[in-house]
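> Take a look and give me a structure for this.
(one chain, ligands or ions: 1)
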Amino acid sequence: MSGPVIEAKGLTKRYGQAIAVDALDLTVERGEIFGLLGPNGAGKTTTILLLLGLTEPTAGQVRVLGLDPLRQPLQVKKRVGYLPDAVGFYDGMTARENLAYTARLGGVPIEEARSRIAQALARVRLQDVADRRVATFSRGMRQRLGIADLLVKACEVAILDEPTSGLDPQSTQELLDLIARLAREGMTIVLSSHLLGMVQTLCTRVALFHRGKVGLIGKVGDLASRVLGGSYVVEIEASGCDVAAAVQGLAGITRVAPVGSGLVRIDADRDVRGDAARRIVEAGGALTRLSMDRSSLDEVYVRYFEQVSHAA
Ligand SMILES: Nc1ncnc2c1ncn2[C@@H]1O[C@H](COP(=O)(O)OP(=O)(O)OP(=O)(O)O)[C@@H](O)[C@H]1O
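Sure thing, here's the model as predicted:
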């Protein structure tokens, strides 16, 4: 199939007077890991439910793999996987039985299913507990079984709604590694999360939701340029001169802010370390620290929501 994997146009969901998703336009291309971000109640989960055909839009349209999730639910279910924050499995059945059930629903032939299940269980490190009832599984094990479920379905798109919520740091990292591998193998992934650091490392693009709309969309670096004025953060500490005055007017600098005695933070749209160091030396200063980082999604997020709340 050519064209976008997910395409929403004017997608809207109202609950009575309240508007959960407001004329949303969104396109996700094949092979992306696309992050849905935003505060509680911003409309991420409702968007996911609309993509999966689990709730009906009030207006607008959505296509997933060219299919209408509401009119072609079985085809969508077959090709699109879903991993919510707490995966529902049959607790009385074993891990292997749950996966066999998924395979049967997906029409996977028995021999093929057997081999997919064994491989999936090994990939998520559940092969040793494959014949234990899921009721005895920890949260991390259940989420890993959720990934195995996606593998058994061999879905083309996976939609993950806060998949790491409630997991300890090690289980979180393990799940993230598994998700990254799925993407490397060609699965398109849509991921909602509040863990901005993880989203930044994992996602090719992100959308920041605000009151049912996408307020910002793009690569993290591009969003940093738009929101912070640049995607480079340079920290400079020097003695014997006024650092802020010394770097004043340098090309590419969008903001200079003192962050402590003698320590100055510069936002820029290029690496200004060389030029800034030269200016400081010319001003008679002695550099004691010079470091550069890329802007974090955390900062973009906080600054963006500050801006929209001031504008309101
Ligand atoms: N079934 C429902 N009935 C009425 N209102 C709803 C329903 N589901 C969601 N809403 C409302 O729609 C808005 C968007 O909710 P949604 O769950 O999509 O947000 P979210 O971004 O996923 O939030 P969170 O980060 O808390 O999961 C909220 O105001 C919520 O109260």
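> for the stretch 51-200 of the chain, what spans make up the helices?
For the stretch 51-200 of the chain, the helices defined by DSSP state H, counting those that start in this stretch cover 73-79, 95-105, 110-123, 139-153, 169-184, 196-202.
> and those helices, which is most packed in?
Most buried of those by mean neighbour count (mean count of other CB atoms under 10 Å) is helix 139-153; its value is a mean of 23. For every residue, glycine as well, the C-beta is placed using N, CA and C.
> Can you spell out which helices and strands pack onto that helix?
Packed against helix 139-153 by the contact rule (3 or more CB pairs under 8 Å, 6 or more residues apart in numbering; DSSP states H and E) you find strand 80-83, helix 95-105, helix 110-123, helix 169-184.
> Identify whichever of the helices of the stretch 51-200 of the chain lies nearest to the ligand.
Taking CB to the nearest ligand atom, helix 196-202 is the member of the helices of the stretch 51-200 of the chain nearest to the ligand, at 12.9 Å.
> Throw the helices of the stretch 51-200 of the chain into CSV and include distance to Val264, thanks.
Formatted as CSV, those follow (distance: least, CB to CB, whole Å):
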stretch, distance to Val264
helix 73-79, 52
helix 95-105, 55
helix 110-123, 48
helix 139-153, 43
helix 169-184, 33
helix 196-202, 24
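> could the ones you listed go into a markdown table alongside mean pLDDT and distance to the ligand?
Shown next, in a markdown table, are the helices of the stretch 51-200 of the chain (pLDDT from 0 to 100; distance: least, CB to the nearest ligand atom, whole Å):
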| stretch | mean pLDDT | distance to the ligand |
| --- | --- | --- |
| helix 73-79 | 90 | 19 |
| helix 95-105 | 95 | 25 |
| helix 110-123 | 95 | 28 |
| helix 139-153 | 94 | 17 |
| helix 169-184 | 90 | 17 |
| helix 196-202 | 88 | 13 |
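> out of those, nearest to Gly260?
Nearest to Gly260, of all those, is helix 196-202, at 23.4 Å by CB to CB.
> Residues in contact with the following helix or strand past the closest one: which ones?
Downstream of helix 196-202, the first helix or strand assigned by DSSP states H and E is strand 205-210. Residues from elsewhere that reach strand 205-210 (CB atoms under 8 Å, 6 or more residues apart in numbering): 26, 32, 34-39, 42-44, 47, 199, 214-220, 223, 297, 300-301, 304-305, 308.
> beta partners of whatever residue of the stretch 101-250 of the chain ends up closest to the ligand?
At 5.9 Å from the ligand, Phe209 is the closest residue in the stretch 101-250 of the chain, using CB to the nearest ligand atom. Residues in a beta bridge with Phe209, per DSSP bridges, are Val214.
> any idea how far the closest residue in space to Gln200 that isn't next to it in sequence lies from the ligand?
Leaving aside its sequence neighbours, Gln200 sits nearest to Leu297 (CB to CB, 6 or more residues apart in numbering; 4.1 Å). Separation of Leu297 from the ligand (CB to the nearest ligand atom, to the nearest Å): 16 Å.
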